[in-house]
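Q: Structure, please.
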Amino acid sequence: MANRGPSYGLTREVQSKIDKKYDPELEERLVEWIVAQCGSGVGRPEPNKTGFQNWLKDGCVLCELINSLCGANKPIKTIKSSGMAFKQMEQISMFLRAAESYGVTKTDIFQTVDLFEGKDLAAVQRTLMALGSVAVTKGDGNYKGDPSWFHKKAQENRREFSEEQLKEGQSVIGLQMGTNKGASQAGMTGYGRPRQIINNP
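A: Residues are numbered from 1 along each chain as shown. Predicted structure coming up:
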């Protein structure tokens, strides 16, 4: 953590809950995918949460990842390894912008401090999972790795109806409006009258 003392009370409780969401098995799968996608040149992290954070923290691996998914049209032109915090955070921000324009929804994208300060590495995992899902769904040949690692996103399935079909639909009463089919008052007595019980000896 960057110049941050230990947390106490509610802050500590909240941080502990966030930390529990981190999935070590998912970390393994994401590392396998990133190495398969970018090549062995990106190296491998130490197999733990801190190792995973330190591997991605400077933004270089993330920028290589998004560039490899975009083929020839690379969104991030220059990737430089730097020891300066603001440069590293800038590269993470560039990755996040590129991921959003690639198709990852805004709600799936982590904040820069989630990774840089290790505040919420589970959110980083969610973003990478969403990125993998978009890449598999696009099917443009740039995705490398096992397609079963990520779920395909639902595709739009537009339906075209003719005017005739639309008019037919207007004459149908939807069942959620209620139906009067099969309902009759046959055998009902007038309201207010007692039930007639006749005892035939």
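
Q: and for stretch 132-152, what are the contacting residues?
A: Contact with stretch 132-152 is made by 29-30, 32-33, 36-37, 68-71, 102-104, 129, 153, 155, as judged by Cβ atoms under 8 Å, 6 or more residues apart in numbering. Backbone N, C-alpha and C define where each C-beta goes, glycine included.

Q: Which two of those have the greatest separation?
A: Within the contacts of stretch 132-152, two members stand farthest from each other by Cβ to Cβ: 32 and 155, at 26.1 Å.

Q: what sits against the most centrally placed residue in the chain?
A: In the chain, the residue lying closest to the centroid (Cα atoms, centre = their mean) is residue 130, at 4.5 Å. By Cβ under 8 Å, 6+ apart, the contact set of residue 130 is 104-105, 108-109.

Q: Give the next helix or strand downstream of the helix or strand harbouring it.
A: Using DSSP states H and E, residue 130 sits within helix 121-138. Reading on from helix 121-138 to the C-terminus, the next helix or strand found by DSSP H and E is helix 163-170.

Q: Give the rounded mean pLDDT of that following helix.
A: Regarding helix 163-170, the rounded mean pLDDT is 78.

Q: Also stretch 33-48?
A: On average, the pLDDT along stretch 33-48 is 85.

Q: Name the residues of that stretch that come out as buried.
A: 33-35, 37-38, 42, 45 (16 or more other Cβ atoms under 10 Å).

Q: can I get the residues you listed in TSV with distance to residue 92 and secondary structure?
A: Formatted as TSV, the buried residues of stretch 33-48 follow (distance: Cβ to Cβ, whole Å; DSSP: H, G, I helix; E, B strand; the rest coil):
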residue	distance to residue 92	secondary structure
33	19	helix
34	15	helix
35	19	helix
37	18	helix
38	16	helix
42	15	helix
45	16	coil
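
Q: Quick check: which ranges of the chain have low pLDDT?
A: For the chain, residues meeting the criterion pLDDT under 70 lie at 1-12, 14-16, 18-20, 153-157, 173-196, 200-201.

Q: If we use 80, what do you get?
A: 1-24, 71-72, 139, 141, 145-162, 165-201 (pLDDT under 80).

Q: Tell me where the protein has helices.
A: Assigned by DSSP state H, the helices in the chain fall at 9-20, 24-38, 49-56, 60-69, 85-102, 112-116, 121-138, 163-170.

Q: most packed of those?
A: A comparison of the helices of the chain by mean neighbour count, using mean count of other Cβ atoms under 10 Å, puts helix 60-69 on top with a mean of 22.
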